[in-house]
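Q: I'd like to go over a predicted model; first the sequence, then the structure.
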Amino acid sequence: MLYNYQYDSILRQNYSNYRIYFLDDHSENRALDLFESYVKLLPKKYKSKTTIIRNAEVKLALYNRHKTIKNNCRPGDIVLDLDSDDWLIGNQVLNTLNHLFQNDQSLWLFYSNIISVS
């Protein structure tokens, strides 16, 4: 499953001041159930960083992002939005982003995309 690859890529980061919000937008597959089972097997320090949100009905991406940020983030928080097929490459991504935002107060948005060609 892609979710565990994505989740593991976050857990491997050297930066530890983060929270994970896993949002299921009323999907019809068993992905959320599988993810919940996966998280239960992890050490407490990772489980405590993870909040699972399950929508009772489909709300779509923009609504979900806005609601999650509005209800869970504080001013100054850095938000990293990963879709279900995204993951972090290496273990310095969160450190690098934190460094960039802390050293340039005018920076408010960062976008990245990597396409791997075999």
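A: Arrived safely, thanks for sending. Numbers count the residues shown, from 1 in each chain.
Q: let me see the ranges of the strands in the chain.
A: Secondary structure of the chain, counting by DSSP state E: strands at 20-24, 50-54.
Q: turn these into a markdown table, columns for distance to Leu11.
A: C-betas here are computed from N, CA, C, even on glycine. Converted to a markdown table, the strands of the chain look like this (distance: least, Cβ to Cβ, whole Å):
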| stretch | distance to Leu11 |
| --- | --- |
| strand 20-24 | 9 |
| strand 50-54 | 10 |
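Q: just say which of the ones you listed is most tucked in.
A: Each of the strands of the chain was scored by mean neighbour count; the highest is strand 20-24, a mean of 17, by mean count of other Cβ atoms under 10 Å.
Q: can you list contacts of that one?
A: For strand 20-24, the external contacting residues (Cβ atoms under 8 Å, 6 or more residues apart in numbering) are 3, 7, 10, 31-32, 35, 49-55, 64, 68, 72.
Q: Phe35: how many residues sit nearby?
A: 20 (other Cβ atoms under 10 Å).
Q: isn't it right next to Ile52, touching?
A: Yes - at 7.2 Å, Phe35 and Ile52 qualify as touching, with contact defined as Cβ atoms under 8 Å.
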